[in-house]
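1. Show me the folded form of this:
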Amino acid sequence: MNMQFQQYDPHPLLKNYIEKIWVFNSSGPIPREDMKLIVPTGRIKLMIPFRNVATVKINGPIHQSPGNTITLIGLTDIPFLVNPEKDDPSGTIGIEFNARGAYRFFRLNYQGIKNQLHLFTDILGGVAQQLEEQVINAASASNKVALLQQFLIKQFWGCKEDPVFDFCVEKIRISKGRIPVNELERQTGYSSRWLNMKFLERAGISPKNLSAIIRFQEVYRALTSGRARGFDLYDYYYDQSHFIKDFKRFTGMPPVKLTKIVNDFGRQYHKG
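-> You can find the predicted model right below:
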């Protein structure tokens, strides 16, 4: 069975707000022993299964994402599992907004959708339904991706930027999650309380929580890509217990256990 994530470049107008666009295809059923674990990335996602029905287990409940429907997954700070409903070949499109991206396209209660999955039609109504019909009728995955990007470009022009929030998110990104909130206070002149409110409004989580996810991602990618040798854990964590606490929080298990599970799907997903 062949399993592949194909990356697409975001349109130039979208590249500062969309972290990645991918199309997943499998030529057969994904092995049952594969855990298909997705850990937090600090991104809000659109997911569109175009072959087979996807199920997502997040925060306890199992949600179904029917074929050719668009699903929005709020920013997550807990791991979740993805599975095709049937043991058949499957295909899914994913569009992932960086932390300062999603609010430029959708006026949503981002704190209210954190760790949740919603059908796009429940959020945008007829506009989303029309988009889904266009995507269904598109002849190829590339054409589907092009339609989705055209839709997002139209959405983008209706939402204004928030310079202070964008500045803080960029500082977190550049520092790889290591900038403290009090330094963001100093550089912006705004209190931590004000910054927390701004982040909850625009992304759904606090700047401290986003920093923890970004910092964890640096370590997680090193561990799962074979780059752990020579990687200095203490560039990101005070001590080993600090690291293990965050690792368990974001993966649901200690580091030693993760090395023993089969998670080829999750490793391929996190490569990009």
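2. Can you give me the domain assignment for this protein?
-> 3-156, 163-271 (automatic domain parsing).
3. what would those look like in TSV with mean pLDDT?
-> Shown next, in TSV, are these (pLDDT from 0 to 100):
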stretch	mean pLDDT
domain 3-156	90
domain 163-271	91
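4. Redo these as TSV? Include mean neighbour count.
-> Using the backbone N, CA and C atoms, a C-beta is placed for each residue, glycine as well. Output for these, formatted as TSV (neighbours: other Cβ atoms under 10 Å):
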stretch	mean neighbour count
domain 3-156	18
domain 163-271	16
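5. Identify the spatial nearest neighbour of Ile58, chain neighbours not counted.
-> Counting by Cβ to Cβ, 6 or more residues apart in numbering, Ile58 lies nearest to Phe80, which is 3.8 Å off, once chain neighbours are set aside.
6. which residues does that neighbour form a beta bridge with?
-> Note on Phe80: beta-bridge partners by DSSP bridges are Ile38, Ile58.
7. And for the most centrally placed residue in the chain, nearest residue in space, chain neighbours not counted?
-> Computing the C-alpha centroid of the chain and ranking residues by Cα atoms, centre = their mean puts Arg43 first, at 3.5 Å. Spatial nearest neighbour of Arg43, excluding adjacent residues (Cβ to Cβ, 6+ apart): Glu96 at 4.3 Å.
8. So that neighbour belongs to a helix, correct?
-> No: remark: Glu96 does not belong to a helix; assigned using DSSP: H, G, I helix; E, B strand; the rest coil, it is strand.
9. Give the helix, strand or coil label for Trp22.
-> Trp22 is classified as strand under three-state DSSP.
10. can you tell me which residues contact Lys144?
-> For Lys144, the contact set (Cβ atoms under 8 Å, 6 or more residues apart in numbering) comprises Ile48, Phe50, Ile93, Val135, Ala138.
11. for the residue nearest to Ile58, what are its contacts?
-> By Cβ under 8 Å, 6+ apart, the contact list for Phe80 reads Leu37, Ile38, Val56, Lys57, Ile58, Asn59.
12. What separation do you get for the fourth one and Val39?
-> Counting by Cβ to Cβ, to the nearest Å, the separation of Lys57 from Val39 is 14 Å.
13. ok, how many other residues are close to the nearest residue to Arg107 once chain neighbours are set aside?
-> Using Cβ to Cβ, 6+ apart and skipping the chain neighbours, the partner closest in space to Arg107 is Cys159 (7.0 Å). Residues near Cys159, counting by other Cβ atoms under 10 Å, number 13.
14. Next, work out how far apart Cys159 and Gly74 are.
-> 17 Å.
15. do Val219 as well
-> Val219 is 24 Å from Gly74, by Cβ to Cβ.
16. any idea how far the residue lying closest to Leu13 once chain neighbours are set aside lies from Ala139?
-> For Leu13, ignoring the flanking residues on the chain, the nearest one in space by Cβ to Cβ, 6+ apart is Ile153 at 5.5 Å. As judged by Cβ to Cβ, Ile153 and Ala139 stand 21 Å apart.
17. mind listing the helices for the chain?
-> Using DSSP state H, the helices of the chain run over 120-124, 126-137, 141-156, 163-174, 181-188, 192-202, 207-224, 240-251, 255-258, 264-271.
18. nearest to Ile21, of those helices?
-> Closest approach to Ile21 among the helices of the chain is made by helix 141-156 (6.1 Å; Cβ to Cβ).
19. Report the inter-axis angle for that closest one versus helix 126-137.
-> Interaxial angle, helix 141-156 versus helix 126-137 (axes from the mean of the first three to the mean of the last three Cα atoms, to 10 degrees): 160 degrees.
20. would you put the C-alpha positions of stretch 8-18 in PDB?
-> The C-alpha trace of stretch 8-18 is given here as PDB (Å, rounded to 0.1, in the frame of the first residue of the first chain):
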ATOM      1  CA  TYR A   8       1.100  22.400  -3.000                       C
ATOM      2  CA  ASP A   9       2.500  26.000  -2.900                       C
ATOM      3  CA  PRO A  10       0.000  28.500  -1.600                       C
ATOM      4  CA  HIS A  11      -0.900  31.400  -3.900                       C
ATOM      5  CA  PRO A  12       1.400  34.400  -3.500                       C
ATOM      6  CA  LEU A  13      -1.400  36.400  -1.900                       C
ATOM      7  CA  LEU A  14      -1.900  33.600   0.700                       C
ATOM      8  CA  LYS A  15       1.600  32.400   1.400                       C
ATOM      9  CA  ASN A  16       2.000  34.600   4.500                       C
ATOM     10  CA  TYR A  17      -1.100  33.200   6.100                       C
ATOM     11  CA  ILE A  18      -1.200  29.500   5.000                       C
END
